[in-house]
Every structure is written in structure tokens, then in C-alpha cells.
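Participant: just to be clear, the model below is a prediction. Sequence and coordinates:
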Amino acid sequence: MVASAGVATAPPAVRSVLGVRPRLVLASSLMLFVELALIRWTGSNVVHLSYFSNFVLLGSFLGIGLGFLRAERARYRPFYSPIALAVLVLFVLAFPVTVDRGQDDTVIYFTSLTTTGPPTWLVLPIVFLAAAVITAGPAELVGRCFTELPRLTAYRFDLIGSLIGIAAFTGLSFLGAPPVWWGVIVAVAFAVLLVPAPDRTAVLVAVVLVGVPSALVVAALWTESETPGARWSPYYKIQTGSRDVNGVPIVDIAANGVPHQQAIPAEARVAFEPQYGLPYERSSPTQGGDLGNVLVIGAGSGTDVAIALRNGAQHVDAVEIDPGLLQIGREQHPDRPYDDPRVDLHIDDGRAFLSRTDARYDLILFALPDSLTLVQGASSLRLESYLFTEEAFASAREHLAPGGVLSMYNYYREGWLIDRLALTAQTVFGHAPCVDVVGGELGQAVVTVGLTSADQSCAAAWGGPSADTPAPATDQRPFLYLFGATIPALYLVTIGLILLVSVVAVAVVGGAGNIGGSYRRMRPYTDLFLLGAGFLLLQTKSIAGFALLFGTTWVVNAIVFAGVLLAVLAAVEVTRRFRTPPLPVMYGVLFAGLLLSWLVPEAWLLAMPVPLRAVTAVVLAFLPIFAANVVFAKRFTETADGTAAFGANLLGAMVGGCLEYLALLVGFPGLLLVAALLYAGAFALAPRAALVPSPGLR
């Protein structure tokens with residue numbers, strides 16, 4: 001099937017207005033763009049997915065793997081992709097879902113307390129399967145191009161297309177483009193790829209099968225985009241509504257379908273909910289009305305900043321990660337706090353801001369920073385995860401002026417979570433904090449700790465942790481809302497079902513009518529399967545590491561994704577152009593890179609100046625990724641069945657996405673050990689001919 005030059009005969013019925021290289025780049029771009037758009041859009045309308053973003057990611061990996069396995073056998077164009085996309089979009093918009101925090105008490109979800117729409121056991125499988133079907137189409141087109149080009153040439157253009165897809169989606173996020181633009185781009189790409197070279201009947205069929213569903217998608221997304229009061233930030237679908245309660249103007253703000261915050265005059269907010277004034281009552285520097293420098297992390301629409309100004313703050317640094325929420329505060333908050341000359345605005349991650357500033361504060365306030373979403377590409381990391389670790393509290397302590405205090409409040413819902421935060425404060429500051437539990441069922445509480453015990457004024461002493469209070473979260477395991485080092489049953493059941501569905505789907509779809517045929521095709525490439533799983537864990541560790549070092553912002557996340565692909569592309573180019581060392585040597589470089597990343601603690605990196613920190617972090621993160629992909633490129637270029645080999649690698653990445661949850665047990669650095677085991681297995685299973693190549697082979 002594969003010629004000596006690495007080129008196979010193309011499958012039938014492959015005609016296009018584009019040549020093979022442009023077609024490959026466009027299909028790869030579409031594949032990445034659709035994957036990112038699905039993660040972003042479904043999470044905005046199905047609230048449960050805000051905490052399981054890799055649910056869609058895993059479905060996409062499954063679909064991409066299936067698409068490659070089908071590539072050489074499929075006789076017709078994958079019209080099923082735009083049709084499935086239309087069905088998913090119409091279904092989700094017709095039945096948007098808001099879910100409660102579930103029945104599992106070992107992990108807390110900050111969502112609404114009511115359930116609307118279809119049950120989650122119905123919605124989540126539909127979304128997972130739809131993601132697989134939608135992404136399988138572009139992957140099938142990419143796989144067909146792989147049969148027409150030499151292995152590494154095809155892989156090279158696939159990576160270039162993937163980078164273009166990431167850049168396009170990142171650019172739209174920067175511009176705050178609503179989803180209708182995502183739909184237009186996807187529709188145009190599907191039309192170019194699926195409408196054949198001139199042939200009247202074929203064009204008519206393609207126009208119907210592509211044009212009609214694409215038109216439905218664009219129309220539905222346009223309707224959603226034009227909803228009054230709706231806007232799209234890089235993190236949320238934000239909806240606002242104004243009302244008046246007894247003469248008090250209120251702006252209600254919902255994020256991803258969940259009531260998130262309200263822009264209310266400071267005086268009314270403190271009157272309605274006195275707990276908002278407790279940080280100032282418990283802070284000794286504010287007792288005499290002399291409150292100098294204040295830092296508000298999670299400034300949102302501005303109410304907490306307005307309250308600080310009302311309490312006499314001379315200067316406020318307002319830090320908010322979401323530019324959309326900040327803009328709403330600028331435009332709609334009744335007190336206009338962001339117009340006050342005493343306020344400086346910072347669109348940034350709170351922990352990252354602390355690591356870069358030299359300022360000292362009389363009050364540092366963590367103002368309800370619950371993000372309602374996860375960092376894309378890291379299934380267990382929320383935007384605020386690194387703000388509530390023991391190391392983060394220590395960083396805040398270092399930025400307190402003499403007499404200063406750190407205070408935080410939220411609807412914590414669980415007594416053990418309140419005690420955990422209080423225990424963290426006590427561990428870092430050396431004395432018990434003030435703890436005011438205000439709220440009934442939702443468990444609203446205020447935790448305030450002074451630089452010294454004399455700097456705080458508690459109404460009553462904190463009773464101390466109970467026997468079952470979890471230890472403080474750390475930068476290695478920043479899972480504040482997880483009770484204990486465990487994988488919640490909800491996650492385990494979800495992972496089990498995903499793997500079961502994937503096993504069946506690969507057997508049925510990839511086998512082209514021969515159940516089990518796909519597994520026989522992939523069996524010689526078990527090492528490539530393990531390489532894919534290991535690579536996904538390296539990518540996850542890189543995302544988590546850069547989030548700690550530089551912030552959980554969408555910009556940092558996009559840079560890391562692009563950086564990973566650039567490292568992979570560099571590995572491909574080096575393998576194509578130069579005589580690289582044999583596989584055993586490259587495996588040695590890979591394990592050395594893993595060991596180096598394991599040995600260098602992130603605390604060292606955080607202590608470095610930002611430029612040096614960036615260079616060191618790039619080397620530590622991308623050296624093993626580069627080495628792993630040189631290994632893959634060398635092995636892939638000699639495979640007999642390129643699409644089966646690449647499909648095995650992608651399905652391995654899906655399994656790696658499931659193994660990512662092991663971070664809940666071993667922490668993010670522990671993923672390096674899991675990846676090392678996977679790579680050791682890949683080395684052990686690699687064919688001897690690949691490990692000891694004949695003279696002249698690279």
C-alpha cells in the first residue's frame with residue numbers, strides 16, 4: 001500500500017478545487033479551530049461543561065483518531081460533519097443546561113442551585129459523541145492528504161495548519177468576536193473542502209449537504225450573538241440586565257448561564273449584605289479611617305472597588321482577569337468606580353500580578369474570585385486555583401505593609417472549605433485568622449488575617465480546624481475545592497464511560513465493517529499510542545506550569561498551545577533536514593529532559609526575574625516535548641500504514657487526557673512520572689528495527 005517514497009495511492013472520489021498541500025493546511029486549521037470553538041461554545045451553554053472542558057477535548061481526540069482510521073477506506077466526502085454540527089448547535093440552543101453542584105460531596109462546583117433543561121446524563125453523551133462526529137470529518141480529510149504525501153511532509157503541513165487554526169481563534173478571542181463569526185469561518189472552510197471540482201451533480205449534492213446545515217448554524221449563532229445584553233469575553237458568554245429595587249439601580253451579570261455578580265452601589269451593597277464591610281471592620285489599619293493602598297483581586301464589575309473607595313482607600317489596584325467584566329464595570333456600574341483617579345486597572349491573573357509587583361498594601365482583598373470555568377487543556381485547573389494555595393498566601397503576606405491584612409470572602413457552601421482556608425492562613429501567618437460565617441445554606445464567610453495578630457480585630461476567635469479539615473492546597477496540588485487526595489466518583493464514572501464508548505467506536509467505525517480490524521491495523525504501533533498518551537500529559541503539565549509562572553489568562557494559554565506546536569514543528573523540521581541521533585539516544589534525551597523538569601522546583605522559577613523565568617521555563621517545558629516528537633517523527637516516517645499509525649497516536653492522546661486526572665492524586669509534577677512510565681513502555685515496545693536502524697537511515 002505504501003510506496004518506497006512514503007506515498008500511497010489516494011482513496012477514490014477525492015477531487016477538490018485545492019491542491020493537496022493547501023487542502024491539508026486548510027483541513028488541519030479547520031480541525032483545530034472547530035475543536036477550540038466547540039470547547040468554548042458548549043461550555044458557555046452547558047454549564048456542566050464549564051468544569052469538564054476536556055469532555056469535549058476527549059471527544060475531539062476520539063473523532064480525529066477515527067477520522068484518520070477511516071481516511072483510506074472512505075469513498076465519500078465527510079458531509080456528516082457539518083450536519084452533526086448543525087444538529088448539535090440547534091439542540092444546545094433549544095435546550096440550554098444549567099446544572100447544580102451534583103451529588104458528589106468531594107468536589108465543589110460554583111454553579112446555580114437549580115437544574116434546567118435535559119438531564120446531564122443525556123446532554124453530556126450527546127455533546128461527547130457530537131464532538132467526535134464533527135471533528136472526524138476534517139480529520140478524515142487530513143488523513144487522505146497523508147496518503148498523498150511523504151510522512152513528514154504531511155505532518156509538517158498538518159502542524160502549520162494547526163498553528164493557523166489556533167492563531168485564528170486567538171485573534172477572534174482578542175477582538176471579542178461573537179460566535180456567529182466562528183460559524184461563518186467554519187462554514188466557508190467546509191464549503192471549500194467539501195464542494196468538489198466542477199461537476200454539476202456532485203456540486204449540487206455538496207451544496208445541499210454542506211450549505212443547508214452551515215446556513216442553519218450561522219443563523220442560529222447569529223440569533224444568539226444578537227441577544228440583547230449579551231457579549232463574549234475570552235472566558236465567558238456574559239449576559240447583563242438592569243433593574244431597579246426600591247430606587248436602587250442593579251445590573252445583574254450572568255456568566256455562561258450562571259448568575260455571577262451584580263453591579264450595585266457600594267452603600268446599598270453593604271446595607272443589603274453587611275459581610276462586604278467585614279474586611280474593613282476586622283482590619284486594624286481601617287479602624288481610624290486611614291486606609292492607604294488596597295489591592296482587589298477579582299475586581300469584576302467594580303462593586304468591591306467602590307466599597308474600598310467608600311472606606312477611604314487612597315489608592316486601589318483593581319485586578320480582573322476578564323476584560324469583558326471589567327468593561328461592564330466601566331460602562332454600567334452606578335458608582336463609576338473605574339473612573340476614579342485613585343483606581344488603577346490591571347487585566348491580569350491575581351497570582352501573576354502578585355509575582356510581578358513590588359507594591360505593599362494595607363489591605364489585599366480576594367473578592368469572590370470563583371471563575372466558573374477551567375483553564376483550557378488542563379481538566380482540573382480553574383482560573384483561580386493558584387490563588388488559594390499556601391504559596392499564594394505567602395506571596396500575599398510579602399506584599400502587606402506593616403499593619404496590613406489579607407481578607408477573602410465567597411459563598412463557600414461547605415464548612416470544611418472555610419476551615420481549609422482559615423488553616424492555610426494560620427499556617428502561613430503563624431496565628432489564627434478572623435472567621436465570620438454569615439450565610440446559611442450557601443455558607444458565605446469572610447476570612448481575614450493580619451500580618452500580626454495585633455493587626456486584626458476578630459469578633460470571636462476561630463475554633464480551629466477539625467480532625468477532618470483538609471490540609472492547605474499547594475502549588476503542586478492546587479485543588480482547593482477537592483476534599484482529600486482522591487479522584488471523585490463523578491470523574492471516574494465519566495472517564496470509564498468515555499473509554500468504553502471509545503473502544504466500541506474504534507472497533508466499529510475504524511474497522512470498515514470488520515469488527516476489530518482497526519485494532520489489528522494499529523497493533524504494530526502500540527509504541528506510537530503510548531507516545532501520544534505521554535505527549536498529552538507533557539502538554540498538560542506545560543499548561544499548568546506556565547499558568548503558575550505567568551498566570552491563567554487566555555493569552556498565556558494560547559501562547560503555550562502555540563509553543564507546544566512550534567516545538568513539535570521544530571522537531572519535524574530537524575528530523576527532515578538533518579541526520580538525527582538514533583532512537584535510543586533520543587529517548588535518552590527525552591528522559592533527561594523529564595528528569596530536569598522534575599528536579600527544578602517551580603519555587604525557584606517564581607523567584608527569578610520574569611525574563612529569566614520565561615527562558616528557563618521554555619527550556620524545561622519544551623526540551624522533553626521536542627525530544628519526544630523527534631522520537632515520534634523518526635518512528636512515524638518508517639511506518640507501513642501512516643494513517644493507522646497517526647490514528648493510534650491520536651487515540652493515545654485521548655487516553656492521556658483521561659490519565660490527566662491522576663494529577664488529583666499525584667499533583668501536576670507527578671504527571672511527569674506518569675509520562676516517563678508511558679515513554680518507557682513506548683521504548684520497550686518499539687520494533688527492534690526502529691531502535692537499531694540499518695546504516696544510512698536517519
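Facilitator: Cool, got the structure. This is a predicted model, so every value here is computed, not measured.
Participant: which parts of the stretch 551-698 of the chain are helices?
Facilitator: Secondary structure of the stretch 551-698 of the chain (DSSP state H, counting those that start in this stretch): helices at 554-577, 583-599, 602-607, 610-636, 642-659, 663-685, 688-691.
Participant: give me whichever of those is most buried.
Facilitator: Most buried of these by mean neighbour count (mean count of other CB atoms under 10 Å) is helix 642-659; its value is a mean of 26. Just so you know, the C-beta spots here come from the backbone N, C-alpha and C atoms, and that holds for glycine as well.
Participant: and the angle for that one with helix 663-685?
Facilitator: Relative orientation of helix 642-659 and helix 663-685, computed by axes from the mean of the first three to the mean of the last three CA atoms, to 10 degrees: 150 degrees.
Participant: mind naming the longest strand for the protein?
Facilitator: strand 400-411 (DSSP state E).
Participant: who does that strand pair up with?
Facilitator: Strand 400-411 has its sheet partners listed here by DSSP bridges as strand 361-367 (parallel), strand 444-450 (antiparallel).
Participant: TSV for the ones you listed, including distance to Pro78?
Facilitator: As requested, these are exported to TSV (distance: least, CB to CB, whole Å):
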stretch	distance to Pro78
strand 361-367	48
strand 444-450	51
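Participant: where does pLDDT dip in the protein?
Facilitator: Residue ranges of the chain with pLDDT under 70: 1-17, 50-53, 97-117, 197-203, 284-290, 370-380, 439-443, 510-516, 692-698.
Participant: quick one, strands of it?
Facilitator: Along the chain, counting by DSSP E, strands occupy 230-232, 237-245, 248-255, 258-263, 293-297, 315-320, 343-347, 361-367, 400-411, 434-439, 444-450.
Participant: let me have these in JSON lines, adding mean neighbour count and distance to Ile126 as columns.
Facilitator: Below are these laid out as JSON lines (neighbours: other CB atoms under 10 Å; distance: least, CB to CB, whole Å):
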{"stretch": "strand 230-232", "mean neighbour count": "18", "distance to Ile126": "23"}
{"stretch": "strand 237-245", "mean neighbour count": "15", "distance to Ile126": "19"}
{"stretch": "strand 248-255", "mean neighbour count": "19", "distance to Ile126": "23"}
{"stretch": "strand 258-263", "mean neighbour count": "20", "distance to Ile126": "21"}
{"stretch": "strand 293-297", "mean neighbour count": "27", "distance to Ile126": "37"}
{"stretch": "strand 315-320", "mean neighbour count": "24", "distance to Ile126": "34"}
{"stretch": "strand 343-347", "mean neighbour count": "18", "distance to Ile126": "35"}
{"stretch": "strand 361-367", "mean neighbour count": "26", "distance to Ile126": "37"}
{"stretch": "strand 400-411", "mean neighbour count": "22", "distance to Ile126": "31"}
{"stretch": "strand 434-439", "mean neighbour count": "19", "distance to Ile126": "36"}
{"stretch": "strand 444-450", "mean neighbour count": "25", "distance to Ile126": "35"}
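Participant: got those strands as JSON lines, with distance to Phe622 columns?
Facilitator: Converted to JSON lines, the strands of the chain look like this (distance: least, CB to CB, whole Å):
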{"stretch": "strand 230-232", "distance to Phe622": "31"}
{"stretch": "strand 237-245", "distance to Phe622": "33"}
{"stretch": "strand 248-255", "distance to Phe622": "33"}
{"stretch": "strand 258-263", "distance to Phe622": "36"}
{"stretch": "strand 293-297", "distance to Phe622": "30"}
{"stretch": "strand 315-320", "distance to Phe622": "29"}
{"stretch": "strand 343-347", "distance to Phe622": "27"}
{"stretch": "strand 361-367", "distance to Phe622": "33"}
{"stretch": "strand 400-411", "distance to Phe622": "35"}
{"stretch": "strand 434-439", "distance to Phe622": "44"}
{"stretch": "strand 444-450", "distance to Phe622": "39"}
